[in-house]
Structure formats: structure tokens, C-alpha cells
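>>> this one's sequence-less:
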């Protein structure tokens, strides 16, 4: 069974630009969660989507948004990039039935210059 | 106070040693507890997933949860150089709440 895939793996952007990251969950999984990982703050929850609806949300500004498609693939968008947005962005896939494990993808490393 | 506290290490042990990794948490609503292993430049890999208090064993790994003291542990027996990685504890309240709250991670090096 294929794991979670994320594209692209690496991105370099400049301040003020916007970026879109993509995540394809494990086949049959309907929940996708997004996390930001930085050396200073560790792993922080951004949001979770299930059946194309945002079900849970973390404490990030509105510049961070996401969506989920009918095939469970998800995208997250960051607008008006800031230097502090440089991080590893991880998505996690789960069945979405409640109380089930989350499996992470390899991440997208975003560098903002 | 952070919701999940984890000693960042680094921790260095000789091959074959027993390793103990620990986290404490503050939120009594947390019911599910996980340990992830993350190699450099990779995504976290789920090692152990437990519910409430008690022990769970999987090969060389044992996860222990003590809800009365809000303390979670991961023990690695017969540690190998391939165990060298960052270990992250995580927890959530379960149900349809998929937000995982993570510790900062402990960097472990197992020396041959």
C-alpha cells in the first residue's frame, strides 16, 4: 500500500509570494491533517479536513488555508509569505473514523527568502 | 506551561543499551498517546499508539502511560545504531479531534 505523498518536496519562495502544497493520503483514508515543523516551535497543528470539510483548526493566521477534494487529496495555501513561514510542512493521513492513527508524509520543505 | 514537555536531549548511548524516553503533559483530556520516530530530513514514523494508562509492547519497544501522574515513556531494549533519530511524543483527546499535540522531540544517538 502506498504511503502518504507530498509535492513538491522542496520549495524556495520570496517574501510576499504565495505557495500551494499538495498531499495525497493513503488509499482509503479520508482525513488529512497539516502540521508545521520548525526548530523553535516543533510540530504545530494547522488544520484537519474530512470529507472536504475543515473539521479542526489550529492557531495560525488566516494566511494559512486549505482544502480537500472529493478524492481526499488536500492542498494547503500560504499567502503573503513571511520569513518565519520557512518550515517543514507535513501532512498526516488517517481513516477519519475517530480515535485512529495518523501517518505522516515526507513533508515539503519551504524556504522563504 | 506547554501542554506536552519533552527533554530535547541530546541523548547518547552505546549499542545494546536500554533507552528511556519520557514526556509529561498537563491536559487531563488527553486520552491517546503516541510515539513517533523521525529520521533527519524525513517525516515522522508512527512507532506506538496507546489508549489511556498501561503498557504496550512491540518488539524492542515498550510504551508506558501513567495518567495519574500525566507521564508517558518509551523504552527501547537492545538499542541499535539504526535507532538513532529524533523521538517525538504526541497526544490528543480522541474522538473526532485530530489535533495532535507534540513534545519538542528527543535526539537519540546509539553509538556502535
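Arrived safely. The structure displayed is predicted, hence computed values, not measured ones.

>>> and for residue A:79, the neighbour number?
14 (other CB atoms under 10 Å in any protein chain shown). Any C-beta I mention is one placed from the backbone N, CA and C, and that applies to glycine too.

>>> my bad, should have said residue B:52
That count, for residue B:52 with other CB under 10 Å as the rule, works out to 11.

>>> and it, how close does it get to residue B:60?
If you measure residue B:52 against residue B:60 using CB to CB, to the nearest Å, the figure is 23 Å.

>>> for residue A:39, phi and psi?
The phi/psi pair for residue A:39 (degrees, to the nearest 10) reads phi -60, psi -40.

>>> with residue A:79 instead?
Residue A:79 adopts backbone torsions of phi -100, psi 160, taken as degrees, to the nearest 10.

>>> quick check: the gap between the residue nearest to it when sequence neighbours are not counted and chain B.
Nearest residue to residue A:79 in three dimensions, chain neighbours excluded: residue A:18, at 4.4 Å (CB to CB, 6 or more residues apart in numbering or on different chains). Using CB to the nearest CB, to the nearest Å, residue A:18 is found at 24 Å from chain B.

>>> without its sequence neighbours, what residue ends up closest to the residue most central in space within chain A?
The residue lying closest to the centre of chain A (CA atoms, centre = their mean) is residue A:34, at 3.3 Å. Spatial nearest neighbour of residue A:34, excluding adjacent residues (CB to CB, 6+ apart): residue A:46 at 4.1 Å.

>>> go on, residue B:23?
With sequence-adjacent residues excluded and distances taken as CB to CB, 6+ apart, residue B:23 is closest to residue B:89, at 3.7 Å.

>>> sheet partners, orientation included, of the helix or strand hosting that neighbour?
In the assignment (DSSP states H and E), residue B:89 maps to strand B:85-92. Next to strand B:85-92 in the sheet, as set by DSSP bridges, lie strand B:32-38 (antiparallel), strand B:101-102 (antiparallel), strand B:106-111 (antiparallel).

>>> mean confidence for the last one?
I take that to be strand B:106-111. Averaged over strand B:106-111, pLDDT sits at 97.

>>> what sits against residue A:8?
Residue A:8 is in contact with A:21, A:108, counting by CB atoms under 8 Å, 6 or more residues apart in numbering or on different chains.

>>> how about the nearest residue to residue 66, chain neighbours excluded?
Picked chain A for this. Closest to residue A:66 by CB to CB, 6+ apart is residue A:76, at 4.2 Å.

>>> that answer is for a different chain, and I need it for chain B
Residue nearest to residue B:66 in three dimensions, not counting chain neighbours: residue B:53, with 6.0 Å by CB to CB, 6+ apart.

>>> was I right to think residue A:82 contacts residue A:15?
Yes. Residue A:82 lies in contact with residue A:15 (CB atoms under 8 Å); the separation is 6.3 Å.

>>> who touches both of these two?
residue A:112.

>>> so which residues on chain B come close to chain A?
With CB under 8 Å from any CB of the partner chain as the criterion, chain B meets chain A at residues B:32, B:34, B:36, B:42-46, B:49, B:51, B:88, B:90, B:94-105.
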